[in-house]
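I'll drop the sequence and a predicted model, then ask my questions.
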Amino acid sequence: MSSSDVVIIGGGAAGLSAALVLSRARRTVLVVDSGTPRHAPAPHMHGFLTRDGLPPAELLAAGRDEVKGYGGEFLDGAATGLARSGQSGFGVLLSDGRRISARRLLVATGLRDELPDIPGLAARWARDVLHCPYCHGYEVRDRRLGVLGGSPESGRYAQTVRQWADDVVFYVPAGVLAELQRSELAARAVGIVEGTVKRVLVEEDRLCGVELDDG
């Protein structure tokens, strides 16, 4: 069982940043990465100073090269279990049965998106089904935009999206919005469609609308 000063679980931007700093601090660093970053489906990333518009995979590749330049190492795999090892160490079990040990652990696995169970939605994820207006809003500015909502609080998200387009519609189940939320959305000229979204509609590999359960 190999051992390192620090094992970092997750090789995204956060994990690579930590690996770079620790490697420069002359620690032995091993990054365990499954190769499934959250932003993998996105063709470009935006709002990252000096790297605006860069494909996410290129950022990670450059980060790996920088870490390797200071002696940091990488292991392709997924961590499935953790345990204390001795008085101050840790053991990491990988999905293929390998075990590694470390004096310290840093978990940088990031977020996991849980999409609504709507047919067709996942296939459009990070293409024309987007989660962050600050990351992707400029690229869809002035288009007809729809916001899927499931709670009164998601109305505030629809108001935020309104900054990027004049034609914004908020899709929300019936009975969710109170009069206050309705008046706030109306004040921002956000349309309201009440009902349950049954599926997303696609024409020529482009999202063109949604279908509600009432047709």
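Done, it's in.

for Leu207, which residues count as its bridge partners?
Val202 (DSSP bridges).

could you give me the buried positions within the helix ranked longest in the chain?
The helix that spans the most residues within the chain, counting by DSSP state H, is helix 56-69. By neighbour count with 16 or more other Cβ atoms under 10 Å, helix 56-69 contains the buried residues Pro56, Leu59, Leu60, Gly63, Arg64, Glu66, Val67. Where you see a C-beta, it was placed from the backbone N, CA and C, and this is true even at glycine.

counting contacts, what elements does the next helix or strand after it pack onto?
Once helix 56-69 ends, the next helix or strand along the chain (criterion: DSSP states H and E) is strand 73-76. Applying 3 or more Cβ pairs under 8 Å, 6 or more residues apart in numbering; DSSP states H and E, we find strand 73-76 packed against strand 29-33, helix 56-69.

for Ile8, name its beta-bridge partners.
The partner residues for Ile8, given DSSP bridges, come to Val31, Leu106.

contact partners for it?
Each residue near Ile8 by Cβ atoms under 8 Å, 6 or more residues apart in numbering is listed here: Gly15, Ala18, Ala19, Leu22, Val29, Leu30, Val31, Val32, Leu105, Leu106, Ala108.

name the SS class of Ala18, please.
Ala18 carries the three-state label helix when classified by DSSP: H, G, I helix; E, B strand; the rest coil.

ok, it touching Leu106?
Yes: using Cβ atoms under 8 Å, Ala18 makes contact with Leu106 at a distance of 5.5 Å.

from Pro55, how far out is the residue nearest to the spatial centre of the chain?
What sits nearest the mean C-alpha location of the chain, by Cα atoms, centre = their mean, is Arg38, with 4.3 Å. Applying Cβ to Cβ, to the nearest Å, the value for Arg38 to Pro55 is 14 Å.

measure Gly91 to Leu212 for me?
51 Å.

those two: which has the busier surroundings?
Using other Cβ atoms under 10 Å as the criterion, Gly91 and Leu212 rank with Gly91 on top: 18 against 13.
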